[in-house]
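Q: Here you go, sequence then predicted model.
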Amino acid sequence: MKAAYLTGIRGVEVGDWPEPKLERDTDVLLQVETVGVCGSDMHYYRTGRIGEMVVDYPFIAGHEFSGRVLEAGKAVKNVSVGRRVTVDPLMWCGRCDQCRKGREHTCRNQKFLGCPGQADGCLCERIVMPAESCFPVPENVTAQQAALLEPFCIGLYARTLAGDVAGKSVAILGAGPIGLCVYQACRAAGAKKIYMTDVRPERVEFARRYGADWVGNPETQNATADILAAEPDALEVVFEAAGEQPAIDQAVDLLAPGGKLLLIGIPEVDRVSFHISAARRKELTIQNVRRQNHCVPPAVELLAARKIDLDPMVTHTFTLDETKQAFDIAADYKDNVIKAMIEVSA
């Protein structure tokens, strides 16, 4: 089969790759339809690593995708041949202490698509996944929408960890795809007012068109002062979706005493810092967000009921043969890109 794989820093080739086969009665063979280009993919593309996860080339990246079931093991009950599915890229063991606690996303023995040392990604024509990672979607959900459910689940999980935001004002620092998914999750949950920031003017404008109540650029204005002028008691919840030190600092400044900071962005550096005196005096809760957990079914329901709208995020579409072009545009934020999608066989 054909696959797109990394060959080095900023190197991509498209060529033949071994055909996958069912290995367990609980596996399914999927025809990959659409793959989303994620910011974590860009870490591997630009630097060859995220923390201790270092790429061993050649390597297939990608973990956001939708597909159709081509073949199912004899023990599979939840999906059928021909059905379109959205896929949780996590493969968990079901036996460790974390899985027994319902924390499959921190499974001690997990494998994750497109994660070095764990599993090749989905930028290929066909792939085998455990059936438990596959969730059928209604036929009126497109292949692109089904693929976008993976990043939306991260936004939905972050909103879940934040608690009830109905009637509250919140800030989302970072207006890339994950920040926009957090926005959709908060809007669907009834947030009163949503403030967003980004350092890229095109993303500021996109977030404004997308419906955010207030959007600003902290590099060209005192966004913290502007938000606090509108919210003199400060905010109970701030989502950091940029993975950058200045955004973390801004979040601490925006939070009220007893507030909660959700860290979603993945920094390219190994360490970040906090203004600990301010965080301590305010008694802030700092919550890391690792992917998502048990959010796919409610995400499918929200999309099927049209309570969220993910389509506007897709600004660029490519074929599998154009994967390097897609990666270059996403990695360098070219051409006002928000979300690039790769159509494999949709």
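A: Sure thing, it's come through. As the structure is a prediction and not an experimental result, all values here were calculated from the model.

Q: what domains does the record give for this protein?
A: The chain breaks down by automatic domain parsing into domains covering 2-136+310-343, 152-288.

Q: Indicate which one of those domains is closest to Pro297.
A: With Cβ to Cβ as the measure, domain 2-136+310-343 is the member of the domains of the chain nearest Pro297 (6.7 Å). Any C-beta I mention is one placed from the backbone N, CA and C, and that applies to glycine too.

Q: what separates that closest one from the chain centre, distance-wise?
A: 12 Å (Cα atoms, centre = their mean, to the nearest Å).

Q: about what we covered before: got JSON lines for the domains of the chain, with mean neighbour count too?
A: Shown next, in JSON lines, are the domains of the chain (neighbours: other Cβ atoms under 10 Å):
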{"stretch": "domain 2-136+310-343", "mean neighbour count": "18"}
{"stretch": "domain 152-288", "mean neighbour count": "19"}
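
Q: any chance of those domains in JSON lines, with mean pLDDT and distance to Val296 too?
A: Below are the domains of the chain laid out as JSON lines (pLDDT from 0 to 100; distance: least, Cβ to Cβ, whole Å):
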{"stretch": "domain 2-136+310-343", "mean pLDDT": "97", "distance to Val296": "5"}
{"stretch": "domain 152-288", "mean pLDDT": "97", "distance to Val296": "6"}
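
Q: Now distance to Val300 too, for those, in JSON lines please.
A: Listed next are the domains of the chain as JSON lines, based on distance: least, Cβ to Cβ, whole Å:
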{"stretch": "domain 2-136+310-343", "distance to Val300": "6"}
{"stretch": "domain 152-288", "distance to Val300": "9"}
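
Q: Quick one: list the elements packing against the strand or helix carrying Gly179.
A: Taking DSSP states H and E as the criterion, Gly179 maps to helix 177-188. Helices and strands touching helix 177-188, by 3 or more Cβ pairs under 8 Å, 6 or more residues apart in numbering; DSSP states H and E, are helix 143-162, strand 169-173, strand 193-197, helix 201-210.

Q: let's see 6 Å
A: helix 143-162, strand 169-173 (3 or more Cβ pairs under 6 Å, 6 or more residues apart in numbering; DSSP states H and E).

Q: could you give the angle of it to helix 143-162?
A: 70 degrees (axes from the mean of the first three to the mean of the last three Cα atoms, to 10 degrees).

Q: From the chain's centroid, how far away is helix 177-188?
A: 11 Å.

Q: what angle sits between it and strand 169-173?
A: Using the same axes, to 10 degrees: helix 177-188 against strand 169-173 is 170 degrees.

Q: Show residues contacting helix 177-188.
A: Applying Cβ atoms under 6 Å, 6 or more residues apart in numbering, the set of residues contacting helix 177-188 from outside is 151-152, 154-156, 158-159, 165, 170, 172, 194, 239, 241, 264, 302, 307-308, 313, 339.

Q: before we move on, the earlier item: dump the helices and strands packed on helix 177-188 into JSON lines; add distance to Gln98 as well.
A: Converted to JSON lines, the helices and strands packed on helix 177-188 look like this (distance: least, Cβ to Cβ, whole Å):
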{"stretch": "helix 143-162", "distance to Gln98": "15"}
{"stretch": "strand 169-173", "distance to Gln98": "28"}
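
Q: Out of those, which is closest to Arg84?
A: Proximity to Arg84, assessed across the helices and strands packed on helix 177-188 by Cβ to Cβ, is greatest for helix 143-162 (6.2 Å).

Q: This completes my enquiry, with thanks.
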